[in-house]
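>>> based on what follows, work out the 3D shape:
(4 chains)
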Number of protein chains: 2
Amino acid sequence: MEKKLTAKGMATRNRIIAGAAEVVRETGVSLVTLDDVMAHTRASKSQLFHYFPKGKDELLLAIAQHEADQVLEDQKPYLGQLDSWDAWRKWRDLVIERYEKQGDRCPLGSLFLHVGRATPGARAIVVEMLRQWQESLAVGIRSMQAAGLLPEDVDVERRSAALLTSIQGGVAILQATGQSAHLRAALDQSIEDLRRSAVAQP
Amino acid sequence: MEKKLTAKGMATRNRIIAGAAEVVRETGVSLVTLDDVMAHTRASKSQLFHYFPKGKDELLLAIAQHEADQVLEDQKPYLGQLDSWDAWRKWRDLVIERYEKQGDRCPLGSLFLHVGRATPGARAIVVEMLRQWQESLAVGIRSMQAAGLLPEDVDVERRSAALLTSIQGGVAILQATGQSAHLRAALDQSIEDLRRSAVAQP
DNA sequence: CCTAAGCTGGACCGTCCAGTCCAATGAGTG
DNA sequence: CACTCATTGGACTGGACGGTCCAGCTTAGG
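Predicted coordinates for the structure are as follows:
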């Protein structure tokens, strides 16, 4: 699977991925062409196929990985410190701000949708990326438990899954309609309910 | 905007929409071609452009409308009777069963995504369809209030928005990964939290 | 150096596909 | 019957786009 890449090769490959990711964000997965990517990265077609022999699908998968890493990276300082309700609020603000700024531009969701439907192998990778994302949310919930701010019997698995689903759904609706109201509502409701579970115990 | 259509014309138009909707469900929005639709509906290309002069986009929008009507129609007997927790459970089962059976086939979500990004006019229609869907959920919550099973101060707007978002997110993840776990988790969590709000009041 | 490898440019190909055009047919109306 | 307009079939077009090929250049390393 792995090819020999010199430092220069790696640099080019990364340049292509980063540039292509931008193009995808601007244009949307379903509309991006290799020519767009070429124009935006100043790479020739042979370069594209040199670094991504399986063609467009392979490139898109690489972009999806890059974007997923980016998302986790961005949220890491917040996600790693979810040990107070105030921290949750800050994280919520970050998520909403991020996606509102991106507007109806194409983030991870559409990429996942597109890539996940391509091949079983790609789907497995998408599953793994979502799992990581969800796990980082789960860690946040567990640290609330550790801080004594949430009871031990919270179903961490289900809460984190529901939270991730709310984000994905909210973003999907944001893309389809251009409105972030649903993303806000779903996130706020999820967090409020989580918070309420702290006091609803006997 | 409206053209003159004889009864025969209407029949043909409807046949095209219904058949094309099937094709979209099987093939996925982004992969459907007009030739597919032609083969599946036994219509000629001139018929397609006769009934949908603006071409593929207009056809897809009509399909989205058709599918949205279908979804609301399917759920109407359940949504109209959400006046007990048992009814909510039955509705939940229906939703999950429906989407699990469709599997990773392309339902409304992707259509909305695709159509909504096409033109502002189409986007407005998508917004309206989502609003209707959400409203029917809101009606369910209100009937629970009317039955005295939910307190009056429930934020119906936000609850229904969050519920709709959970469904959309769950379906998006189902399509990307082939797994319905997130849909289940999000729906169950949403309903459980709603239910809990009934007893968490002072 | 030299030579084998990675790297790059860009012309080229084959296919797919939305959309156009026109001629032929059918049905409603005077 | 004649006239009109909706309806239908299907060949054709023009362009977009993924992917191939090869020839020329760099770079690593002996």
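
>>> what residues does chain A put near DNA strand C?
Chain A comes close to DNA strand C at residues A:3-6, A:8-10, A:12, A:42-47, A:50, as judged by Cβ under 7 Å from any atom of the strand. All C-beta spots, glycine's among them, are computed from the backbone N, C-alpha and C.

>>> try it again at 10 Å.
Proximity of chain A to DNA strand C is confined to A:3-13, A:15-16, A:34-35, A:38, A:41-51 under the rule Cβ under 10 Å from any atom of the strand.

>>> list buried residues within the residues you listed.
Buried by 16 or more other Cβ atoms under 10 Å in any protein chain shown: A:12-13, A:16, A:34, A:38, A:41, A:43, A:47-48, A:51, out of the residues of chain A next to DNA strand C.

>>> of those residues, closest to DNA strand D?
A:L34 (3.5 Å; Cβ to the nearest atom of the strand).

>>> model confidence for that closest one, exactly?
A:L34 carries a pLDDT value of 98.

>>> report the contact partners of it.
A:L34 makes contact with A:45, A:48, A:56, according to Cβ atoms under 8 Å, 6 or more residues apart in numbering or on different chains.

>>> how close does the last one get to B:L31?
In this case it means A:K56. The spacing between A:K56 and B:L31, counted by Cβ to Cβ, to the nearest Å, is 14 Å.

>>> could you find the closest non-adjacent residue to the residue of chain A found nearest DNA strand C?
Minimum separation of chain A from DNA strand C (Cβ to the nearest atom of the strand) falls at A:G9, amounting to 1.9 Å. Take A:G9 and drop its neighbours on the chain: the residue closest to it by Cβ to Cβ, 6 or more residues apart in numbering or on different chains is A:Y51, 7.5 Å away.

>>> quick one, what contacts the one you found?
Contact analysis of A:Y51 by Cβ under 8 Å, 6+ apart lists A:9, A:12-13, A:16.

>>> is stretch A:161-181 positioned near chain B?
Yes - between stretch A:161-181 and chain B, judged by Cβ under 8 Å from any Cβ of the partner chain, the touching residues are A:161-162, A:164-170, A:172-173, A:175-179, A:181.

>>> could you pull out the buried residues of the lengthiest helix in chain A?
Longest helix in chain A by number of residues, with DSSP state H as the criterion: helix A:120-146. For helix A:120-146, the buried set under the neighbour-count rule, 16+ other Cβ under 10 Å, comprises A:122-123, A:125-127, A:129-130, A:133-134, A:136-138, A:140-145.

>>> quick one: list the elements packing against it.
helix A:56-79, helix A:108-116, helix A:156-177, helix B:156-177 (3 or more Cβ pairs under 8 Å, 6 or more residues apart in numbering or on different chains; DSSP states H and E).

>>> on that earlier part again, on the three-state scheme, the residue of chain A closest to DNA strand C is what?
Classification of A:G9 using DSSP: H, G, I helix; E, B strand; the rest coil returns helix.

>>> for chain B, give me its nearest residue in chain A.
A:G169 (2.5 Å; Cβ to the nearest Cβ).

>>> so which residues on chain A come close to DNA strand D?
So chain A meets DNA strand D at A:4, A:6-9, A:27, A:30-38, A:44-50, A:52-60 (Cβ under 10 Å from any atom of the strand).

>>> and the helix or strand where A:A87 lies with helix A:56-79, angle?
According to DSSP states H and E, A:A87 maps onto helix A:85-102. Orientation of helix A:85-102 against helix A:56-79 (axes from the mean of the first three to the mean of the last three Cα atoms, to 10 degrees) gives an angle of 150 degrees.

>>> does the nearest residue to A:I173 once chain neighbours are set aside belong to a helix, a strand or coil?
Once flanking residues are discounted, A:I173 sits nearest to A:H182: 4.3 Å by Cβ to Cβ, 6+ apart. Judged by three-state DSSP, the three-state class of A:H182 is helix.

>>> which residues touch A:D74?
By Cβ under 8 Å, 6+ apart, the contact set of A:D74 is A:94, A:98.

>>> give me that answer again for 10 Å
By Cβ atoms under 10 Å, 6 or more residues apart in numbering or on different chains, the contact set of A:D74 is A:94-95, A:98.

>>> return the closest of those residues with respect to DNA strand D.
When the contacts of A:D74 are compared against DNA strand D (criterion: Cβ to the nearest atom of the strand), the nearest one is A:R98, at 27.6 Å.

>>> what sits closest to the closest one if chain neighbours are left out?
Using Cβ to Cβ, 6+ apart and skipping the chain neighbours, the partner closest in space to A:R98 is A:D74 (7.0 Å).

>>> sorry, back to before: quick one, which of the helices and strands packed on helix A:120-146 gets closest to A:E192.
When the helices and strands packed on helix A:120-146 are compared by Cβ to Cβ, helix B:156-177 sits nearest A:E192, at 8.9 Å.

>>> show me what the mean pLDDT comes to for the closest one.
Helix B:156-177 comes out at a mean pLDDT of 97.

>>> in that helix, what counts as buried?
So for helix B:156-177, counting by 16+ other Cβ under 10 Å, buried means B:156, B:158-177.

>>> who are the packing partners of it?
Applying 3 or more Cβ pairs under 10 Å, 6 or more residues apart in numbering or on different chains; DSSP states H and E, one finds that helix B:156-177 contacts helix A:108-116, helix A:120-146, helix A:156-177, helix A:181-199, helix B:85-102, helix B:108-116, helix B:120-146, helix B:181-199.

>>> how about these in TSV, adding distance to B:Q70?
Below are the helices and strands packed on helix B:156-177 laid out as TSV (distance: least, Cβ to Cβ, whole Å):
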stretch	distance to B:Q70
helix A:108-116	21
helix A:120-146	27
helix A:156-177	18
helix A:181-199	22
helix B:85-102	11
helix B:108-116	9
helix B:120-146	11
helix B:181-199	19
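
>>> brilliant, that's me finished.
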